[in-house]
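In: Sequence and predicted structure below; questions after.
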Amino acid sequence: MSGTDDLTPAEVRIWRAFARGEPVDFRAAEDGGAALGDTWGAERTVRASVLRALLVKAPQEEGEIAALDITGARITGVLNLRYATIGAAIRLGHCHFDGVPDLYGAQLRQLDLSESALPGLSAETLKADGVLRITGCRMRGPVRLGGAQISGALFMERAQFAAPDDSEPALQLNQAVIGADVWAPQIRAQGEVRLTGASVAGRINVQDAELNQPDGTALDAQNLSVGAHVRARRIRTQGRVELRGSRISGRLDLLHARLSHPGDTALRASSCVIGELWLLSGDRIEGALNLRRSHIEILALDPEMLPDQVYLGNLTYTALTPHEPAEVRLPMLERGGDGYEPYDYEQLTAAYRHVGDDDAARLVQLAKQRRRRTTLTWYGRLWGHVQDATVGYGFRPVRAAVWLLSLMAIGSIAYGLDHPRPIKPGETPDFNSVFYTLDLLLPVINFGQESAFAPAGWHQWLSYALIVTGWILATTIVAGVTRTVNRQ
């Protein structure tokens, strides 16, 4: 295309404006927006082949910076810039595309498609030296940006994505490298959003987003790497949110989120490294929550958001907020689908000790022993019940004192009312019912009373009971003290 003889008036306007970087605006006062662009007439219709020829030839005017800046045009045909290297900035805002632009492997300075309507976008391995804007776009088919390299930011706020079927995701950013932020608040996606293996140097903002894939994965962001925060406040998802293996240096903010995938996993953030995870003030999660093997510095977890199934195996966290009583936090360990996991209790204990709440830490350790008891044989469970009832597995030391005082009082009264007979009259010390009872109860202490007197009848049976009870009590106390010392 050597001249402008075969161009329409609309195309001539664009051709003449390009060399000087001047904008061309075809919008009428009321045109209904780019979604209705297929009804626009010839006065604002431009062939994609003309735009391609213009960008590839890139006519220059001395002292000017060329740019393609079009607003409100209908672009017919397929804009094919496959493998092209384009030095001019491209802005095609409020435009209606009849065909899917093909930008596979293209190298662009900057691309802005804001508020446009497209049947899709094919831009795998695209390289952009500046920013890429698809703000407010309405995508009727898949957007393929897998492997794209964008030096600046990616702007997608208020964009709408849809996949006609489940054969591929509505938005693909897998293995993409973004040099700044991904700015996508209020996006809407009917179909999967895929960010597997993507790397974002800055922040990701998907606040107020709606992601819908009820029978599958709404957001697949496995092995995602984010240099700052992920802001996902008030996000609403229908389908699985998959973050397995991701690294988020800052905060994963899910305040007021609504996550739903009934009968399956709603959020899987396993094997992740996250600075802070905020699951607060949102609706109760519908579906399982999986945080296995992740390392989180600050875990802000609202007990009211937790679903019936919570998987926390080998989850490590330094601090747990907000501070709640142990009775409120323990149910999340009992809901674990992995069964009894000792480490989960140790981690919760460490979190309470981190804030100096030793009473709550002891309650968690007691709950751990009770949960462990359910995994033992019948005789192990029986012995566990004895330890629990007597000294609370060593975490209720006051119980031991109560048992000792109670048994000592019973023995002292019983033997004080009716002394046992001396074994060697005239050689035995004076009888003392209190120390005689202590001799029977405490197996390692000898006050000389037990060996000097011989009870008979029901006193003898009481002596046997005190001796056996003393041994059991002493053994459980030693076990509890040993457990406490080892823990410290």
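Out: Yes, it's here.
In: what residue lies at the spatial centre of this protein?
Out: In the chain, the residue lying closest to the centroid (Cα atoms, centre = their mean) is A269, at 4.6 Å.
In: What are the phi and psi values at the nearest residue to that one once chain neighbours are set aside?
Out: Spatial nearest neighbour of A269, excluding adjacent residues (Cβ to Cβ, 6 or more residues apart in numbering): L243 at 4.4 Å. From N, CA and C alone the C-beta is placed, and that goes for glycine too. The phi/psi pair for L243 (degrees, to the nearest 10) reads phi -120, psi 20.
In: where's L243 relative to E62, distance?
Out: 53 Å (Cβ to Cβ, to the nearest Å).
In: Also A360?
Out: Distance from A360 to E62, by Cβ to Cβ: 76 Å.
In: Ok, G202 next?
Out: For G202 relative to E62 (Cβ to Cβ), the value is 38 Å.
In: which one of these two has more residues nearby?
Out: G202 (19 against 5; other Cβ atoms under 10 Å).
In: tell me the secondary structure for the more buried one?
Out: coil (DSSP: H, G, I helix; E, B strand; the rest coil).
In: ok so T265 is a strand residue?
Out: Yes - counting by three-state DSSP, T265 is part of a strand.
In: which ones are touching it?
Out: Residues near T265 by Cβ atoms under 8 Å, 6 or more residues apart in numbering: R240, G287, A288, L289, N290.
In: which residues of the stretch 101-250 of the chain fall in helices?
Out: With DSSP state H, counting those that start in this stretch, there are no helices along the stretch 101-250 of the chain.
In: got a list of what the nearest residue to L301 once chain neighbours are set aside touches?
Out: Closest residue to L301 apart from its sequence neighbours, by Cβ to Cβ, 6+ apart: L279 at 5.3 Å. By Cβ under 8 Å, 6+ apart, the contact set of L279 is L254, A257, I285, A300, L301, D302, M305.
In: What are the phi and psi values at the first one?
Out: Meaning L254. Dihedral angles for L254 - degrees, to the nearest 10 - are phi -120, psi 40.
In: Surely it and T237 touch.
Out: No - the criterion here is Cβ atoms under 8 Å, and L254 misses it with T237 at 10.1 Å.
In: Report the two of the contacts of L279 separated the most.
Out: Spatially, the most separated pair among the contacts of L279 is I285 and A300, at 14.6 Å (Cβ to Cβ).
In: Compare those two and say which is more crowded by neighbours.
Out: Counting neighbours by other Cβ under 10 Å for I285 and for A300 shows that I285 has the greater number, 24 against 21.
In: Which pLDDT value goes with that one?
Out: Per-residue pLDDT puts I285 at 95.
In: how deep is the nearest residue to it once chain neighbours are set aside tucked in, by neighbour count?
Out: Of all residues not flanking I285 in the chain, P307 sits nearest, at 4.4 Å (Cβ to Cβ, 6+ apart). For P307, the tally of surrounding residues (other Cβ under 10 Å) stands at 19.
In: I'd assumed P307 was in a strand, is it?
Out: No - going by three-state DSSP, the assignment for P307 is coil, not a strand.
In: Could you number the chain from 42 rather than 1 from now on?
Out: Happy to do that; since the first residue is 42 now, the last one works out to P348.
In: what about it, distance to H297?
Out: In terms of Cβ to Cβ, P348 sits 17 Å off from H297.
In: do A194 as well
Out: 25 Å.
In: quick one, which of those two is more surrounded?
Out: A194 (20 against 17).
In: so the more buried one touches A225, yeah?
Out: No - in this structure, A194 is not within contact of A225 by Cβ under 8 Å, at 10.4 Å.
In: can you list the weak-confidence ranges in the stretch 242-391 of the chain?
Out: By pLDDT under 70, the weakly predicted segments of the stretch 242-391 of the chain are 377-379.
In: need the strands for it, in chain order.
Out: Here the stretch 242-391 of the chain has its strands, by DSSP state E, counting those that start in this stretch, at 245-246, 251-261, 266-267, 271-272, 277-283, 288-294, 299-309, 314-320, 327-331, 336-342, 351-352, 357-362.
In: closest one to K98 among these?
Out: Once the strands of the stretch 242-391 of the chain are compared by Cβ to Cβ, strand 245-246 is nearest, at 38.1 Å.
In: neighbouring strands for the closest one, and are they parallel or not?
Out: In the sheet, strand 245-246 lines up against strand 223-224 (parallel), strand 271-272 (parallel) (DSSP bridges).
In: if we look at it, which residues are touching it?
Out: By Cβ under 8 Å, 6+ apart, strand 245-246 touches D222, V223, W224, A225, P226, V267, H270, V271, R272, A273.
In: Now for the residues you listed: which two are most distant?
Out: Top of the distance list for the contacts of strand 245-246 (Cβ to Cβ): P226 and V267, 15.8 Å.
In: Of these two, give the one with the bigger neighbour count.
Out: Just comparing P226 and V267: by other Cβ under 10 Å the higher neighbour count belongs to V267, 27 against 17.
In: I131: what secondary structure?
Out: I131 ends up strand, using three-state DSSP.
In: Same check on R93?
Out: Applying three-state DSSP: R93 is helix.
In: per-residue pLDDT, it?
Out: Reported pLDDT for R93: 93.
In: tell me the strands in the stretch 392-529 of the chain, going along the chain?
Out: According to DSSP E, counting those that start in this stretch, the strands that the stretch 392-529 of the chain contains are 462-463, 494-495.
In: Need the residues that contact the first one.
Out: Outside of strand 462-463, the residues within contact range by Cβ under 8 Å, 6+ apart are T469, F472, A493, F494, A495, P496, A497.
In: likewise stretch 76-93?
Out: 42, 48-52, 55-56, 67, 72-73, 109, 111, 113-122, 125, 136-140, 142, 158, 179.
In: So which of these are in strands?
Out: For these, membership in strands holds for L109, I111, R115, I116, T117, H137, F138, A158, R179, with DSSP state E as the criterion.
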